[in-house]
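Trainee: Everything below, folded, please.
(2 chains)
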Amino acid sequence: ETGVTQSPTHLIKTRGQQVTLRCSSQSGHNTVSWYQQALGQGPQFIFQYYREEENGRGNFPPRFSGLQFPNYSSELNVNALELDDSALYLCASRQTGTGELFFGEGSRLTVL
Amino acid sequence: ELKVEQNPLFLSMQEGKNYTIYCNYSTTSDRLYWYRQDPGKSLESLFVLLSNGAVKQEGRLMASLDTKARLSTLHITAAVHDLSATYFCAGLNTDKLIFGTGTRLQVFP
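Mentor: As a prediction, the model looks like this:
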């Protein structure tokens, strides 16, 4: 149990649609980051939020966007879905003291 | 830009045997992480290694870090079937984790 919860766990969309994935992290974990893991690959960093502001971004296009809220929840939004967006999306929150990252169970997105 | 490489990519080993997974990284990393992932599941944190010479052990797994060689190892002692999973190492670079490609471990009787 990591204290990081994600929803939905699975969803199916079609090309061109938009999707919002949600993450709720532990109280006091001010940093949340999102990762995309394609099948058979290691997770790839999408972006990170600290105190509701984006403070780091990986090599993902602008149609990947996010928000972080004061209650330690966050969202990942993906517009104009493409087939290659099919992946497991992982949210991670950081424990301030040790720097350890705790991952949620992930949201598996399938784009048809 | 930090790059992380793991080897081997696949490892099939017999129960009771020992083996080591290697993780090389290209530039300075603030810390080194090891994760386990079961099929269709999320990442389970195994170890966080903070400094040169750090060694941590949990059950049959032991991780070490050599920052001068830019190398971390995950040693498996007397493997059991329950250790079958994919293992990732990851370096930390400007607050983002850079993952290796993973080592898929299968332990057979």
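
Trainee: What part of chain A, helix or strand, is modelled with the least confidence?
Mentor: strand A:101-103 (a mean of 88; mean pLDDT, DSSP states H and E).

Trainee: list the helices and strands whatever helix or strand comes next after that strand packs on?
Mentor: Per DSSP states H and E, the first helix or strand lying C-terminal to strand A:101-103 is strand A:107-111. In this structure, strand A:107-111 makes packing contacts with strand A:10-13, strand A:19-24, strand A:87-94, judged by 3 or more Cβ pairs under 8 Å, 6 or more residues apart in numbering or on different chains; DSSP states H and E. Any C-beta I mention is one placed from the backbone N, CA and C, and that applies to glycine too.

Trainee: Which strands border the longest one, and is each parallel or antiparallel?
Mentor: Looking back up the chat, that one is strand A:87-94. Sheet pairing of strand A:87-94 (DSSP bridges) gives strand A:31-37 (antiparallel), strand A:101-103 (antiparallel), strand A:107-111 (antiparallel).

Trainee: now the ones you listed as CSV including mean neighbour count?
Mentor: Formatted as CSV, these follow (neighbours: other Cβ atoms under 10 Å in any protein chain shown):
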stretch, mean neighbour count
strand A:31-37, 24
strand A:101-103, 23
strand A:107-111, 18
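
Trainee: Mean pLDDT lowest where, among the ones you listed?
Mentor: With a mean of 88, strand A:101-103 has the lowest mean pLDDT of the strands paired with strand A:87-94.

Trainee: Any idea how far that strand is from the middle of the chain?
Mentor: Taking Cα atoms, centre = their mean, to the nearest Å, the mean C-alpha location of strand A:101-103 is offset from the chain mean by 12 Å.

Trainee: who in chain B is up against chain A?
Mentor: Contact residues, chain B versus chain A (Cβ under 8 Å from any Cβ of the partner chain): B:30-31, B:33, B:35, B:40-45, B:48, B:88, B:90, B:92, B:94-102.

Trainee: Provide a PyMOL selection command restricted to the buried entries of those residues.
Mentor: In PyMOL syntax, the buried subset of those is picked out as below (16 or more other Cβ atoms under 10 Å in any protein chain shown):
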select buried, chain B and resi 31+33+35+42+43+48+88+90+92+96+97+98+99+100+101+102
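
Trainee: Now do the buried residues in stretch B:71-79.
Mentor: B:Ser72, B:Thr73, B:Leu74, B:Ile76, B:Thr77, B:Ala79.

Trainee: Name the residue of chain B that lies nearest to chain A.
Mentor: Per Cβ to the nearest Cβ, B:Phe99 is where chain B lies closest to chain A, at 3.5 Å.

Trainee: Would you quantify the distance from B:Gly91 to B:Ser42?
Mentor: Distance from B:Gly91 to B:Ser42, counting by Cβ to Cβ, to the nearest Å: 20 Å.

Trainee: swap in A:Gln36?
Mentor: With Cβ to Cβ as the criterion, A:Gln36 and B:Ser42 are 13 Å apart.

Trainee: joint contacts of those two?
Mentor: Residues touching both A:Gln36 and B:Ser42 (Cβ atoms under 8 Å, 6 or more residues apart in numbering or on different chains) are A:Leu88, A:Leu90.

Trainee: Tell me where chain B has strands.
Mentor: Listed from the start of the chain, chain B has strands (DSSP state E) covering B:4-7, B:10-14, B:19-25, B:32-37, B:43-49, B:55-58, B:61-66, B:71-76, B:85-93, B:96-99, B:103-108.

Trainee: residues making contact with the last one?
Mentor: Applying Cβ under 8 Å, 6+ apart, the contact partners of strand B:103-108 are B:6-15, B:21, B:76, B:79-88.
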